[in-house]
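Q: Structure for the following, please:
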Amino acid sequence: MSQLPPARSVLRAVAADTPVADTVTLDYEARFLRRKVLTTEGGARVLIDLPETMSLDEGDCFEMEDGALIRVLAAPEPLIEILAEPAALVRLAWHIGNRHTPCQIEPTRLLIREDRVMADMLSRLGAHMHGLTAPFTPEGGAYGMGRTHGHSHGEDHAHSDSHSHSHSHAHSHAGHSHGHAHSHSHSHAHDHSHDD
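A: Numbers count the residues shown, from 1 in each chain. Sure thing, here's the model as predicted:
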């Protein structure tokens, strides 16, 4: 088995007609990595050594030290296809997102990875579901993180982003207070400086 030069960077959404040296086919979990040895479709081994953990999409390319590219392909994996009327589909997508479950959102359907607990919940909400095997390319996480980390956080995390600065951090310095109540602080922006 041949050894390719290490890959230390990623090029995003590379055009399909761009020449590449090889490809790697990875499922959703495997497309979240920082340092790992991968085997390409051509049978070569390559060390991926990125500066930080990254979430990769189909069409991204690893750039090797010699400048050659290895294209990332999404591997087929067991999924649940969720079908409903458009209004109901929006509601189901909300429930899926509220549980931090990665979801591929399309105009007429939703796709999630095979998950009995989620399937039971969705069934009780009236969803029509079918199992299938297909590449999984869900929506990326908010705030540029690239992933919604399913089940790795507690339920309180579902609300922390919207209230992270909500308890106005009023610092009283020499008779004047600096209240850092942001525009999204809603009803929790209580100014705690009482030094008149």
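
Q: for this structure, longest helix please?
A: Longest helix in the chain by number of residues (criterion: DSSP state H): helix 86-98.

Q: Report the distance from it to the chain centre.
A: 17 Å (CA atoms, centre = their mean, to the nearest Å).

Q: other SSEs contacting that helix?
A: Using 3 or more CB pairs under 8 Å, 6 or more residues apart in numbering; DSSP states H and E, the elements in contact with helix 86-98 are strand 76-83, strand 110-113, helix 116-124. Every residue, glycine included, has its C-beta placed from N, CA and C.

Q: does Glu139 really touch Glu106, like I thought?
A: No - using CB atoms under 8 Å, Glu139 makes no contact with Glu106, being 10.5 Å away.

Q: follow-up on the earlier one: okay, buried residues for the longest helix of the chain please.
A: By neighbour count on 16 or more other CB atoms under 10 Å, the buried set for helix 86-98 is 89, 92-93, 96-97.

Q: okay, and the helix or strand of this structure with the least pLDDT?
A: Using mean pLDDT, DSSP states H and E, helix 157-163 stands out as the lowest-scoring helix or strand of the chain, at a mean of 38.

Q: related to what we said a few turns ago, pick out whichever of Glu139 and Glu106 has more residues nearby.
A: Between Glu139 and Glu106, counted using other CB atoms under 10 Å, Glu139 has the larger neighbour count: 13 against 10.
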